[in-house]
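Peer 1: sequence unknown, structure follows:
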Ligand SMILES: O=C(O)CCC(=O)C(=O)O
Ligand SMILES: [Fe+2]
């Protein structure tokens, strides 16, 4: 797959752990080692303890067998989850908010205020994949944020993020093959404009243990004044 990808992507390293992966107008920011090692472990361990609170997707057309989810930071689930999980969510939320100035700057998006980011935690198992899509095609959201985490050692293969070029003249809205792929890496934060088309390569795993799965937290930021792309 990778050899078919465009060769003109550039990786602009901003600091040891922050990079901008760019191909034409399409940009994705990646922050490696996002949380401290300790906070990454605490988050993983507390989320694993929430297995019973993860739900299957119930809407039509979704993949109900290979992924389950838990929404945090909105309203309903806050009294369901353990104190440790609440704390780990708060830590992740705080760290993301701390990085926002650098995120706005790197992605060339006019800053807007963000106080709390509801995050949906998703556990993906063998066979899970994500068909290419954009999180927002109507300007509802400006920024998509993904936090990746997994067991150490990592048990599954695949589950990498593919990024596509928007093409309004094609029926799907994007071009194949992908512009580039970002490998799934524990404790990394991936950020891009929500109009960016992206998909996930198939997860392959011999284990069906929840704790061996591919974990993500996904959140969307919306500006009070709508589309803010500079
Ligand atoms: O699983 C991922 O890495 C991406 C998930 C995603 O694209 C979404 O929830 O909209
Ligand atoms: Fe998405």
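Peer 2: Alright, I've got the coordinates. Please read these numbers as outputs of a predicted model, since none were measured by experiment. Ligands and ions are numbered 1, 2, ... in the order given.

Peer 1: in contact with residue 138, which residues?
Peer 2: If a contact means CB atoms under 8 Å, 6 or more residues apart in numbering, then residue 138 has no contacts. Placement of C-beta: from N, CA and C, glycine included.

Peer 1: in a helix, it, correct?
Peer 2: No: counting by DSSP: H, G, I helix; E, B strand; the rest coil, residue 138 falls outside a helix, being coil.

Peer 1: how near is it to residue 47?
Peer 2: Applying CB to CB, to the nearest Å, the value for residue 138 to residue 47 is 31 Å.

Peer 1: residue 217 and residue 146 touch, don't they?
Peer 2: Yes: shown here, residue 217 and residue 146 form a contact pair, counting by CB atoms under 8 Å, at 7.3 Å.

Peer 1: the residue nearest to residue 140 when sequence neighbours are not counted: what's it in contact with?
Peer 2: Of all residues not flanking residue 140 in the chain, residue 222 sits nearest, at 6.3 Å (CB to CB, 6 or more residues apart in numbering). Applying CB under 8 Å, 6+ apart to residue 222 gives the contacts 140, 141, 142.

Peer 1: okay, those residues in CSV with pLDDT next?
Peer 2: Output for the contacts of residue 222, formatted as CSV (pLDDT from 0 to 100):
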residue, pLDDT
140, 92
141, 95
142, 96
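
Peer 1: which among the residues you listed end up buried?
Peer 2: Among those, the ones that count as buried by 16 or more other CB atoms under 10 Å are 141, 142.

Peer 1: what about the residue lying farthest from the centre of the chain, which SS state?
Peer 2: Distance from the C-alpha centroid of the chain, by CA atoms, centre = their mean, peaks at residue 169 (26.9 Å). Three-state call for residue 169 (three-state DSSP): coil.

Peer 1: which phi and psi does it have?
Peer 2: Main-chain dihedrals, residue 169, degrees, to the nearest 10: phi -90, psi -10.

Peer 1: how close does it get to ligand 1?
Peer 2: Using CB to the nearest ligand atom, to the nearest Å, we find residue 169 at a distance of 23 Å from ligand 1.

Peer 1: before we move on, what about residue 114?
Peer 2: 18 Å.

Peer 1: using the three-state scheme, assign that residue.
Peer 2: Assignment for residue 114 (three-state DSSP): coil.

Peer 1: which stretches of the chain have low pLDDT?
Peer 2: Within the chain, the segments meeting pLDDT under 70 span 1-7, 58-64, 76, 226-230.

Peer 1: do a quick rundown of the helices in it.
Peer 2: Counting by DSSP state H, the chain has helices at residues 37-48, 83-107.

Peer 1: how about those helices in JSON lines, adding mean neighbour count and distance to ligand 1?
Peer 2: Converted to JSON lines, those look like this (neighbours: other CB atoms under 10 Å; distance: least, CB to the nearest ligand atom, whole Å):
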{"stretch": "helix 37-48", "mean neighbour count": "17", "distance to ligand 1": "15"}
{"stretch": "helix 83-107", "mean neighbour count": "17", "distance to ligand 1": "16"}
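
Peer 1: for the closest residue to residue 45 other than its chain neighbours, what are its contacts?
Peer 2: Nearest residue to residue 45 in three dimensions, chain neighbours excluded: residue 84, at 7.8 Å (CB to CB, 6+ apart). Residue 84 sits next to 42, 45, 46, 49 when contact means CB under 8 Å, 6+ apart.
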